[in-house]
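>>> Next comes the sequence, and after it the predicted model I'd like to discuss.
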Amino acid sequence: MARDYPLNKTRNFGVIAHIDAGKTTTTERILFYTGVSHKIGEVHEGETVMDWMEQERERGITITSAATTAFWNPTYMPKTDVSKKCRFNIIDTPGHIDFTIEVKRSLRVLDGAVVVFDGVAGVEPQSETNWRYANDGNVPRICYINKLDRMGANFDKSFNSILDRLSKKAVRMQMPLGAEENFDGIIDLLTMQEVKFTGDKGKDVGFVDVLPEHLEEAKKRRAEMIEKIVETDEAMMTQYLEGKEFTVEELKATIRKATINNQLFPVFCGSSLKNRGVQLVLDAVIDYLPSPLDIPAPKGIDPHTGEPMEVEVSDTAPLSALAFKLQSDPFVGQLTFIRVYSGTLESGSYIFNATKQKKERVGRILRMHANDREEVKTVYAGEIAAAVGLKDTVTSDTICDEDHQVVLERIVIPESVISMRVEPKTKADQEKMGMALSRLATEDPTFRVSSDPETLETIISGMGELHLEIIVDRMKREFGVEANTGKPQVAYKETILGSASGEGKYIKQSGGRGQYGHVKINIKPMDYSVKAEDLPKNVKRSDGFEFINSIKGGAIPQEYIPAVEKGLRESMDRGALAGFKMVDISCEAYDGSFHEVDSSEIAFKLAAGMALADAVSKAKPVILEPIMKIEVVTPDKFYGDITGNLSSKRGQIEGMDERGQDKVIKAMVPLSEMFGYATNLRSMTEGRATFTMEFGRYDVVPTNIAKEIAENKK
């Protein structure tokens, strides 16, 4: 069967934003206007298509990214002319920092993004984080300033916050007509037309020339817009300076090219809840966001030689696809969401997992509409679908043609910052809990399960309190597991501030063959200014640990070097001060000795561990703690109480801003001080202040608190 839509008429994009900016409301409007749904689901009524999980509907927030497919014919085209009609593969992502992996992995497989901003708040903390992820992946973006009907909404202020905090390349494409409750239309600066939205749910879009009372302001804004557009094209700039007037088509072509190259970020406006402006954003997706053919060819490596490779985006090329998400479905089992970059994937066919070097069979292929499924036989290049039947494929694995192997760039998984003890309530829950945790950890790479070697307790780790709360709730609802949870724990780490040498000698004589291993090492903090690819051949770096093999003259035979490295790595996992994992340490094995009969791998492994313990004790060891970036929005009268409270939590106030009548306090506070802060803040401010929190950095714990942490751990 041939593909139903050509590649140049396909758009893969995500809707990303800070929590509560209106992503899901905007996506629901998109589904309604494109005919996917015949009724608009509202977040506040708990009836949205994209927020399908029970936990999402109860809390009114997005927890997991949901994918859907829709088709759109631009509003400026006659209904009979479908020459520009496009197929959209859309992913609606969460805005809460605890579920940031959903944004990260979605952006990895999308070609473009619609970034939604709150018309009152403008740029918020998670907007910055998502923008940074999009920058990392060079994802072209268009911006949509939403909620302009709200009290305190200000398009200019929100637009300026994008220029100040995200990018000077933002370009204003529209002007709102009216403000707050009087917002009732938009001026399109490109065509110089006023746009009104009437009929059922704003379905009818009407265009008229700009009225005289708005003309002067619109002309001024249009001149600013054209100036920004022509700056991205040298030939156009020359013509502009010579006084040439450009057609709408010429300007659109330049905006498209600049947007795809991340030289411009077009900014649109509207109110999704009041059904104004969404159709013009869909037009912009077609006009300015790339098709799979417009972006640079995906890069990968040959799994056997390590040589870089480029993937040809075409249906006829060999298959290459990336698994970016796993989801348990109660009806069909495990779904593996994949983005096909080249070739075609057919149901019932065999594929090759190049990351694991294993062959797998694809049972069925489903096109997802949130949690509804539509079975398809073939998926083509540039499409997103879910495969059923893949047993060994997990997030970030590459599937491809066995005769043309490639491993695509992996998704970087953020470190978990918070842990909690969990135990089953009954003996019956015990067996089910292991299976439930294993399934949830496979689905969510930021959720980790481990066992405390001393107490044998099960420890679950994640990105925040809400993240772990949702996991425990899902265990209960989806797997029927009742569990008790302990107080959340902070994911501390250990490191060193100085350099030192250490020696470890393991000798054991017990009749017959003994054990002998002797290792000398130097340790120092890792130097990240030298990139991993520029390191000499005798240096290996991974996961906050660097091993340098400087053994000369066979002081330690080559076959024991891997055991030395393993011993150092295992000792770092156990920590030296308080049993937390050690990071950012460079270990150089420079000398040692061996016994021709008694030396063994286990002896050198143990000797290396002893050498590390000896060296660390002399190298100023410290405990590191996660420091969170906090933003509190509060009425002015509570400002003093909140700043005083944050200072008492070892917080550093970094700045203060104003947002309408409210004050915005920005601070860096240790995570260990932030447990239960939501309740604390509510009682301090009569429930009128809100806060957001995201991971900032790891920092050294003060000595008195480090002692307390170490004693508690013991």
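Structure's in. What do you need?
>>> would you list every one of the helices in the stretch 351-500 of the chain?
Assigned by DSSP state H, counting those that start in this stretch, the stretch 351-500 of the chain shows helices spanning 427-443, 465-479.
>>> Distance check, residue 257 against residue 502.
58 Å (C-beta to C-beta, to the nearest Å). To be clear about C-beta, it is placed using only N, CA and C from the backbone, and glycine gets the same treatment.
>>> In terms of neighbours, single out the busier of those two.
The residue with more neighbours, out of residue 257 and residue 502, is residue 502; 21 against 15, by other C-beta atoms under 10 Å.
>>> Tell me who's in contact with residue 609.
Contacts for residue 609 were tallied using C-beta atoms under 8 Å, 6 or more residues apart in numbering; they are 504, 567, 568, 570, 571.
>>> again, only using 7 Å
With contacts defined as C-beta atoms under 7 Å, 6 or more residues apart in numbering, residue 609 is in contact with 504, 567, 570, 571.
>>> Take those and keep only those in helices.
Judged by DSSP state H, helices contain the following of the contacts of residue 609: 567, 570, 571.
>>> Buried among the residues you listed? Make that a ChimeraX selection.
In ChimeraX syntax, the buried subset of those is picked out as below (16 or more other C-beta atoms under 10 Å):
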select :567,571
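>>> could I get the contacts of residue 609 as TSV with distance to residue 397?
Output for these, formatted as TSV (distance: C-beta to C-beta, whole Å):
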residue	distance to residue 397
504	38
567	30
570	27
571	31
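>>> before we move on, back to that, quickly name whichever of the ones in helices among the contacts of residue 609 is closest to residue 338.
Using C-beta to C-beta, residue 570 is the member of these that lies nearest residue 338, at 35.7 Å.
>>> helices and strands around the helix or strand harbouring residue 631, which ones?
Taking DSSP states H and E as the criterion, residue 631 maps to strand 621-635. On a contact count with 3 or more C-beta pairs under 7 Å, 6 or more residues apart in numbering; DSSP states H and E, strand 621-635 meets strand 493-496, strand 662-670, strand 690-700, helix 703-713.
>>> Partner strands of that strand and their direction?
Paired neighbours of strand 621-635 in the sheet (DSSP bridges): strand 493-496 (antiparallel), strand 662-670 (antiparallel), strand 690-700 (antiparallel).
>>> Could you check the angle it makes with helix 703-713?
If you take axes from the mean of the first three to the mean of the last three C-alpha atoms, to 10 degrees, strand 621-635 sits at 100 degrees to helix 703-713.
>>> For strand 621-635, what does the pLDDT average out to?
Mean pLDDT, strand 621-635: 89.
>>> next SSE after that strand?
Past strand 621-635, the next helix or strand by DSSP H and E is helix 639-648.
>>> in that next one, what's buried?
Of the residues in helix 639-648, 639, 642, 643, 645, 646 count as buried by neighbour count, 16+ other C-beta under 10 Å.
>>> Same list (those residues) but as JSON lines, adding pLDDT.
Below are the buried residues of helix 639-648 laid out as JSON lines (pLDDT from 0 to 100):
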{"residue": "639", "pLDDT": "89"}
{"residue": "642", "pLDDT": "92"}
{"residue": "643", "pLDDT": "92"}
{"residue": "645", "pLDDT": "92"}
{"residue": "646", "pLDDT": "93"}
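>>> re earlier: buried deepest among the helices and strands packed on strand 621-635, which one?
Each of the helices and strands packed on strand 621-635 was given a mean neighbour count from mean count of other C-beta atoms under 10 Å, and the largest, a mean of 23, is that of strand 493-496.
>>> Now it - C-alpha only, CSV.
Presented in CSV, the C-alpha positions along strand 493-496 are these (Å, rounded to 0.1, in the frame of the first residue of the first chain):
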residue,chain,number,x,y,z
LYS,A,493,26.5,12.2,46.0
GLU,A,494,30.1,12.3,47.1
THR,A,495,33.2,13.7,45.4
ILE,A,496,36.7,15.1,46.3
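>>> which residues sit in contact with the residue nearest the centre of the chain?
Compute the mean C-alpha point of the chain, and by C-alpha atoms, centre = their mean the closest residue is residue 104, 2.1 Å away. Applying C-beta under 7 Å, 6+ apart to residue 104 gives the contacts 133, 411.
>>> Now it: which helix or strand?
In the assignment (DSSP H and E), residue 104 maps to helix 100-109.
>>> can you give me the strands for the stretch 451-600 of the chain?
Taking DSSP state E, counting those that start in this stretch to define them, one finds strands in the stretch 451-600 of the chain at 458-462, 483-485, 489-490, 493-496, 500-508, 515-525, 539-542, 545-549, 585-593.
>>> so which of those strands gets nearest residue 697?
Proximity to residue 697, assessed across those by C-beta to C-beta, is greatest for strand 493-496 (11.7 Å).
>>> what's the next secondary structure element after the lowest-mean-pLDDT helix or strand in the chain?
Within the chain, no helix or strand scores below helix 54-59, which has a mean of 52 by mean pLDDT, DSSP states H and E. The first helix or strand that comes after helix 54-59 along the chain, using DSSP H and E, is strand 66-72.
>>> Using PDB, write out every CA atom in that following strand.
The C-alpha trace of strand 66-72 is given here as PDB (Å, rounded to 0.1, in the frame of the first residue of the first chain):
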ATOM      1  CA  ALA A  66       0.100  11.600  24.100                       C
ATOM      2  CA  ALA A  67       0.400  11.200  20.400                       C
ATOM      3  CA  THR A  68      -2.200  11.700  17.700                       C
ATOM      4  CA  THR A  69      -2.600  12.200  14.000                       C
ATOM      5  CA  ALA A  70      -4.700  14.900  12.300                       C
ATOM      6  CA  PHE A  71      -5.100  16.600   8.800                       C
ATOM      7  CA  TRP A  72      -5.300  20.300   8.100                       C
END
